[in-house]
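# here's my sequence, what's the structure:
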Amino acid sequence: MMNYLMNRQDFVDFANLCFAEFGDRVKFWITFSGPWSLAYSGYGAGTIVPGRGLSSRAVATFASRHLLPPDLTFCRPYRTRIHRAASGDPGTEPYLVGHHQLLARAAAVKLYRENYQSTQNGKIGIILQQIWPVPLTDTEEDRAAAQRSIDFMLGWFMDPLYYGDYPDSMKDFLGSRLPTFTSEESQMVKGSYDFIALNYYTATYVRDAPEAANGPPSVITDPRVEYETERDGVPIGEQASPSI
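The predicted model follows:
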C-alpha cells in the first residue's frame, strides 16, 4: 500500500475515539465532506493537499480550455490558486483514494452501528457534491456528456453507497484503472449511511469532449467532458457574489 493512501484502520480508530468521547452529544455524524474534492483536487489536479497530480502548467492549460469543472479550490480567480503539484499518477491515484475513502468510512459506519448507535441514538452519513450539468446542445453526445459529468462526480461515490459498485460509465472508460470491490466490500459499502447530504454550488453547460490524444490518462480528462459557463454568449445564470 502506498504511504499516501488512507489507512482504513487508522480512520476507524479515529472514528471509534470520536464515538466514544462525543457520541452522547453528537447526533449526526458525517464521515467525509466532499470526498470527490480530496480525490480529484488532491491527487489529480494537485490544487489542495497533498498536491499530487499534474504539473501546474498542465492544470492551467486544461483550465483555459474549460475542461475543469467548477470547484471551490479555484475561486478568486481559480487560476491563481493552482499550486505546483508533486509527482503523481492522476490516472490512477484519484480512484484509489476515492476507493479507500469509501472502504474506510464503511468500516467506521459498521463500527458505529454495531457498538454505539443503539445506545447513542445518532445517525451517520456523508456529504457528497455535484455541479448540475446542462447539455450545451440537444445532441445525444452532449446529453451523454452531462450524464458522465454526474457519474464521475456524484455517482463515483453515490453508486457504491446505493448499489455497491461504480457507475457503468466509469467502469467502461477506466477499465483496470478503476479499483474493484470484493463481494464482502460491496456489501459493507452498500447502504453504509443513514442520510446523504449534498453540496451544490452551481450549474454549468457541458459538451462532449474527444478522448485525450496526448499525455497520460488523468482524472481531469477521463470523463471526456468540457465545461462552459455561457451558451451563445449568454451566461447560464446570474453570477453570485464571491463569499470566500
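
# next SSE after the helix or strand where residue 103 lies?
Element membership of residue 103, judged by DSSP states H and E, is helix 93-115. Per DSSP H and E, the first helix or strand lying C-terminal to helix 93-115 is helix 117-120.

# show residues contacting that next one.
When contacts are defined by C-beta atoms under 8 Å, 6 or more residues apart in numbering, helix 117-120 is touched by residues 19, 23, 24, 27, 124. Backbone N, C-alpha and C define where each C-beta goes, glycine included.

# can you pick out the most distant pair from the residues you listed?
By the measure C-beta to C-beta, 24 and 124 form the most distant pair in the contacts of helix 117-120, at 15.0 Å.

# look up how far residue 193 lies from the most centrally placed residue in the chain.
When C-alpha atoms, centre = their mean is applied to the chain, the residue found nearest the centroid is residue 36 (1.6 Å). Distance, residue 36 to residue 193, using C-beta to C-beta, to the nearest Å: 16 Å.

# now do residue 17
Distance of residue 17 to residue 193, computed by C-beta to C-beta: 21 Å.

# and those two? which has more neighbours close in?
With neighbours defined as other C-beta atoms under 10 Å, residue 17 and residue 193 compare such that residue 193 has more, 21 against 10.

# return the residues in contact with that one.
By C-beta under 8 Å, 6+ apart, the contact list for residue 193 reads 109, 124, 125, 126, 161.

# tell me which two of these sit farthest apart.
Farthest apart among the contacts of residue 193 by C-beta to C-beta are 124 and 161. That separation is 12.1 Å.

# buried members of the contacts of helix 117-120 into PyMOL, please.
To isolate the buried ones among those in PyMOL, judged by 16 or more other C-beta atoms under 10 Å, type:
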select buried, resi 19+23+124
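
# let's have the contacts of helix 117-120 in JSON lines, adding distance to residue 132.
Formatted as JSON lines, those follow (distance: C-beta to C-beta, whole Å):
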{"residue": "19", "distance to residue 132": "35"}
{"residue": "23", "distance to residue 132": "35"}
{"residue": "24", "distance to residue 132": "39"}
{"residue": "27", "distance to residue 132": "30"}
{"residue": "124", "distance to residue 132": "27"}
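
# secondary structure class for residue 204?
strand (DSSP: H, G, I helix; E, B strand; the rest coil).

# look up how far residue 208 lies from the closest residue to it other than its chain neighbours.
Distances taken as C-beta to C-beta, 6 or more residues apart in numbering put residue 227 closest to residue 204, at 5.0 Å, once the chain neighbours are dropped. With distances taken as C-beta to C-beta, residue 227 is found 12 Å from residue 208.

# same question, residue 233
Distance from residue 233 to residue 208, counting by C-beta to C-beta: 21 Å.

# neighbour count winner among those two?
Higher neighbour count among residue 233 and residue 208: residue 208, with 19 against 5, using other C-beta under 10 Å.

# partners of the more buried one in the sheet?
When bridges are called by DSSP bridges, residue 208 pairs up with residue 225.

# any buried residues in the one helix or strand residue 156 maps to, and which?
Residue 156 belongs to helix 156-163 when assigned by DSSP H and E. Of all the residues in helix 156-163, those buried under the rule 16+ other C-beta under 10 Å are 156, 157, 158, 159, 160, 161.
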